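Visitor: Sequence and predicted model, in that order:
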Amino acid sequence: MNIKEFSLNTVVAIGGTIVSAWLGGWDAALNVLVVLMILDYTTGFLGAIKLKNVNSEVMWWGGIRKGAILAVIAMAVLLDQMMGNPEPILRTMAIYFYVAREGVSVTENLGILGVPLPSALKRVLEQLQERSGKSG
């Protein structure tokens, strides 16, 4: 490994550590949220291609919204810390809320693409959406 590769790897590792700490650690819930965010962005783009209405401004603001979601998660982490919560209660609620929203959006995008979704998975996403609507 040369010095450039080492430097890049070091910067990426430091950046990843900072972002992970900012978001309250990397756990299964955050992993699900990030995967759903990527799937939503990708399937939304593919759906726009299929419908022939790709719009770079819509894509830009979609990316900004994904960043704003992560900022809300970071804010929930800080609020949990401020309130002295021994467990990440607000962080978990925020992540579950956004997992439900992103999951429903992916489901809608897959529908546009003509991809069927297992009914059990649809039910789980609908239940998450219902629960998150009551608390948020």
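Guide: Looks like it came in fine.
Visitor: C-alpha only now, for contacts and for neighbours.
Guide: Fine.
Visitor: who touches whatever helix or strand Val19 lives in?
Guide: Following DSSP states H and E, one finds Val19 within helix 3-22. With contacts defined as CA atoms under 8 Å, 6 or more residues apart in numbering, helix 3-22 is touched by 26, 74, 77.
Visitor: Then stretch 51-66?
Guide: Stretch 51-66 is contacted from outside by 37, 41, 45, 48, using CA under 8 Å, 6+ apart.
Visitor: Filter those residues down to the ones in helices?
Guide: Secondary structure from DSSP state H places 37, 41, 45, 48 of the contacts of stretch 51-66 in helices.
Visitor: ok, the last one to Val35 distance?
Guide: Between Ala48 and Val35 the computed distance is 20 Å (CA to CA, to the nearest Å).
Visitor: Between these two, tell me which one has more neighbours.
Guide: More crowded of Ala48 and Val35, by other CA atoms under 10 Å: Ala48, with 17 against 13.
Visitor: ok, how many other residues are close to Glu108?
Guide: By the criterion of other CA under 10 Å, Glu108 has 18 neighbours.
Visitor: Contacts made by the worst-scoring helix or strand of the chain on mean pLDDT with the rest, please.
Guide: Taking mean pLDDT, DSSP states H and E as the measure, the helices and strands of the chain show their lowest mean at helix 119-135, namely a mean of 73. Residues outside helix 119-135 that contact it (CA under 8 Å, 6+ apart) are 93, 96-97, 99-101, 103-104, 107.
Visitor: May I have it as CSV, with CA atoms only?
Guide: These are the backbone C-alpha positions of helix 119-135, laid out as CSV (Å, rounded to 0.1, in the frame of the first residue of the first chain):
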residue,chain,number,x,y,z
SER,A,119,-47.4,-9.5,1.6
ALA,A,120,-45.8,-10.2,5.0
LEU,A,121,-43.2,-7.5,4.3
LYS,A,122,-45.9,-5.0,3.2
ARG,A,123,-47.8,-5.7,6.4
VAL,A,124,-44.7,-5.0,8.6
LEU,A,125,-44.1,-1.8,6.8
GLU,A,126,-47.7,-0.7,7.1
GLN,A,127,-47.7,-1.5,10.8
LEU,A,128,-44.5,0.5,11.3
GLN,A,129,-46.1,3.4,9.4
GLU,A,130,-49.2,3.2,11.6
ARG,A,131,-47.2,3.1,14.8
SER,A,132,-44.9,6.0,13.7
GLY,A,133,-47.9,8.1,12.7
LYS,A,134,-49.3,7.8,16.2
SER,A,135,-46.0,8.8,17.9
